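Colleague: show me the folded form of this:
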Amino acid sequence: MKLKTTMTTERKTDYTSNLFPPLFLFTLLFPLATLISCSSDSSVDPGTSTTTATFSGTIANASSSVQLDSILNVDEMDEMFDQIPHPKSIATTVAGDILRCKTNDSNQTTYQGTIGTDGVYSLSIPKNVSVKCEALSSTDTTNIKGTFVISSSNNKSLNGGNQNLETFVPANNISAGTVIFDPYQAKLTMSDTTLGTAINTTAPSAPWDFTGTYVASTYTGTAPSGYSALCTVNESQNGQCDGPYEGMNLYIKRLSGYEVDSSGTTTTTPKYAIMVWQSRTAFESCGSKLGFTYADAKTNAKIDLTNSGVSEGDFTWTSSISPSSSIKDWSNVNTIIPSGAATISSGWKISTSMSGQTMQDCETVSIGSGANTIPGWKCTDSAGKTQTSLGGGCVNSSNSPVNVTEWSGLTCNSESLTGDLTGYTKDTCSGTTSQEGRVTCTSTSKRDNGFNWNNVTNLVSAGAPCSNISATTDKSRLIQLRCYSEAYWRYLETIRNSTSAENYCFRDLRTDWSATSPDDFIISSGPAKSSTEYVLEQFTYTSNTSGSFRNEETDSRGVQITSGGNSIWINCRILRVMNMVLTRTSQGPDVLLGEMTNESRLIDTKQGCWTSTARSTLGNLDSDGKSVSRTMITFTKQ
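Modeller: Predicted coordinates for the structure are as follows:
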């Protein structure tokens, strides 16, 4: 659920994963902070059941396919960006695959069966024990095609949507009816109204409170097939694996509340939530607060947290910094934050921020219509003349980018494009140079007669204060936001590996650098989050000693598509799902067993998002657009 931030067309990077280990790519979007629900028979300890229940149902659309849209709907575009494939169908069947259910306890007992070619399944699983069920590929059991989830019509997220619960406790035979398989969200959804009393929803009598500081270490037991080892510090920081790293400290806090009914009245039914922070100090640096009001929680999430022991209200953002030395831009050339005192507004905007590059009177625009659009770069000169470019560059005979300085030996021609690119001209120059050999250079643009690059206004020069930008128009406001955000990310990068980061409360800033309006630049969904708050989510107890939370969020990231010297930036939507099951072990309440699953799924239908380069940028996604990691972790209380 790691959230993602995109940088400029010169450099777009996921800074959230740089700031913290990949486990926490599920940083919270408030509508997903569903602070809801508890279930199970409190008199039964996980793993002690001696009776079984039949889990059966029929999976719908078990052999359907999904057709990807193309962001390129004219031949000229296909020629420009030949790296982008033509539409393809992605198989979305689980027919004939494996159904696996596993108990959520220290035993991790597995029950396995086969899904019929007609989507029908039936499997015996234990009663009164928390379980999690998945559909696995019959040819590769490490490939989890989807997880069974219960869509709750009563438990709502803050945006009003139904909640998905991965773990459940069978009370009787479960007839799930029609189960809807969504391959891109990797879910097999069951309705709680259909399941009825087959699922135990009795609140546990005395669920244990796991609040405390824990250190993560390698699980010494036998993990199920397909589970990876705990990351090392270097692997985590370099993005080589998902999950917390060996020796990582975390502050985990339980929030106790009560259900709020449809009339807005607080009931006596308990509900719980979980917060995970970088450390207790980080939590306290942000004011030891929820980040929202009790009224917000009651209205939107139907939970009363008044007596949770955590104060309501926005976080107490850090208001000033004083770097001892200046901080350079990403190329280590221009000062982007000078040394000395600076104030911070809104939890992220540093007053002394400087531009790391010259920013001209240019803006991102959308070319095409509807889903079939690509971004262009439009610049305006002092006379109001414009040029819109769709990228360009030069490559050698090996299709590698080169910088050409000898133009006299190149032969050039121009081609007028049609369709969505009517009015655009594609210029192609080719020939042999003494340094690079055979080269081909292309560019595609639309230019007003009389446009003069030399007369394009510099809104801010490299190394000049962001405050120098006269933010009087939407275009200049947008450029100023980019200037401040780039400096902010650079500052966070300098402190991310230091223990001093926990002493500050900075905003988890997410931006869209392809935005055409300043109002859309900062991605906001509910109250602002702290960069050191990793999780705020529902925690569902399935017994007095076990429970879980599931976090789902859709993220948008920018990727660059290049071919033949041309390049464009496009935004791609990723579904990120993180599920964690926590179980108190036989070693006592100070040792927890954690089973963590991180899934990233490409859910964008734009073809450019499905190139190998794009999938690698988006998180090393495979050809089916997914990345799944599963880890068993021991958490020891400090």
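
Colleague: alpha carbons only for contacts and neighbour counts from here, please
Modeller: Will do.

Colleague: quick one: low-confidence parts of the stretch 301-450 of the chain?
Modeller: When residues are selected by pLDDT under 70, those of the stretch 301-450 of the chain lie in 369-373, 391.

Colleague: so where do the strands sit in it?
Modeller: 303-304, 320-321, 327-328, 335-337, 342-345, 349-350, 359-360, 362-369, 372-380, 386-396, 401-402, 410-416, 425-433, 437-447 (DSSP state E, counting those that start in this stretch).

Colleague: give the other helices and strands that the host helix or strand of Ser485 contacts.
Modeller: Here Ser485 is covered by helix 474-495, with elements defined by DSSP states H and E. In terms of contacts (3 or more Cα pairs under 8 Å, 6 or more residues apart in numbering; DSSP states H and E), helix 474-495 is packed against helix 15-19, strand 335-337, strand 349-350.

Colleague: pick the most deeply packed of the strands of the stretch 301-450 of the chain.
Modeller: Of all the strands of the stretch 301-450 of the chain, strand 303-304 has the most neighbours on average by mean count of other Cα atoms under 10 Å, namely a mean of 30.

Colleague: go ahead and name everything in contact with that one.
Modeller: With Cα atoms under 8 Å, 6 or more residues apart in numbering as the test, strand 303-304 has contacts from Leu35, Ile36, Gly257, Tyr258, Glu259, Val260, Thr266, Lys271, Tyr294, Ala295, Ala297, Lys298.

Colleague: what pairs with the third one across the strands?
Modeller: Looking back up the chat, that one is Gly257. Taking DSSP bridges as the rule, Gly257 bridges to Lys271.

Colleague: so who does it touch?
Modeller: Neighbour list for Gly257: Pro270, Lys271, Tyr272, Ile303, Asp304, Leu305, Thr306, Asn307, Ser308 [criterion: Cα under 8 Å, 6+ apart].

Colleague: how about 6 Å then?
Modeller: With contacts taken as Cα atoms under 6 Å, 6 or more residues apart in numbering, Gly257 has the following neighbours: Pro270, Lys271, Tyr272, Asp304, Leu305, Ser308.

Colleague: now the fourth one
Modeller: Shown here is Tyr258, whose contacts under the criterion Cα under 6 Å, 6+ apart are Thr269, Pro270, Lys271, Ile303, Asp304.

Colleague: can I get the one helix or strand the first one maps to in PDB, CA atoms only?
Modeller: Assignment of secondary structure by DSSP H and E places Thr269 within strand 266-277. As requested, C-alpha coordinates have been extracted for strand 266-277 and formatted as PDB (Å, rounded to 0.1, in the frame of the first residue of the first chain):
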ATOM      1  CA  THR A 266     -22.600   5.000  20.100                       C
ATOM      2  CA  THR A 267     -23.300   1.400  21.100                       C
ATOM      3  CA  THR A 268     -21.600  -1.000  23.500                       C
ATOM      4  CA  THR A 269     -20.200  -3.100  20.700                       C
ATOM      5  CA  PRO A 270     -16.300  -2.800  20.700                       C
ATOM      6  CA  LYS A 271     -14.400  -2.000  17.600                       C
ATOM      7  CA  TYR A 272     -10.600  -1.700  17.200                       C
ATOM      8  CA  ALA A 273      -8.000  -0.100  15.000                       C
ATOM      9  CA  ILE A 274      -4.200  -0.400  14.700                       C
ATOM     10  CA  MET A 275      -1.600   2.300  14.300                       C
ATOM     11  CA  VAL A 276       2.000   1.600  13.300                       C
ATOM     12  CA  TRP A 277       4.700   4.300  13.500                       C
END
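
Colleague: who's in contact with the next helix-or-strand element following that strand?
Modeller: Later in the chain than strand 266-277, the nearest helix or strand by DSSP H and E is helix 280-285. If you take Cα under 6 Å, 6+ apart as the criterion, helix 280-285 is touched by Tyr251, Glu502, Asn503, Tyr504, Cys505.

Colleague: and the average pLDDT for helix 280-285 is what?
Modeller: For helix 280-285, the mean pLDDT works out to 96.

Colleague: and that helix, C-alpha only, in PDB?
Modeller: Below are the C-alpha coordinates for helix 280-285, written out as PDB (Å, rounded to 0.1, in the frame of the first residue of the first chain):
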ATOM      1  CA  ARG A 280       7.000   6.000  19.800                       C
ATOM      2  CA  THR A 281       9.000   9.100  19.600                       C
ATOM      3  CA  ALA A 282       7.700   9.700  16.100                       C
ATOM      4  CA  PHE A 283       4.200   9.300  17.300                       C
ATOM      5  CA  GLU A 284       4.800  11.800  20.100                       C
ATOM      6  CA  SER A 285       6.500  14.200  17.800                       C
END
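
Colleague: returning to what we had before: who wins for proximity to Lys145 among the strands of the stretch 301-450 of the chain?
Modeller: strand 372-380 (28.7 Å; Cα to Cα).

Colleague: the closest one pairs with which strands?
Modeller: By DSSP bridges, strand 372-380 pairs with strand 362-369 (antiparallel), strand 386-396 (antiparallel).

Colleague: what's in contact with stretch 137-152?
Modeller: 97-98, 133-136, 162-166, 186-192, 226.

Colleague: got the buried residues for that stretch?
Modeller: Neighbour counts over stretch 137-152 (16 or more other Cα atoms under 10 Å) mark 137-138, 142-152 as buried.
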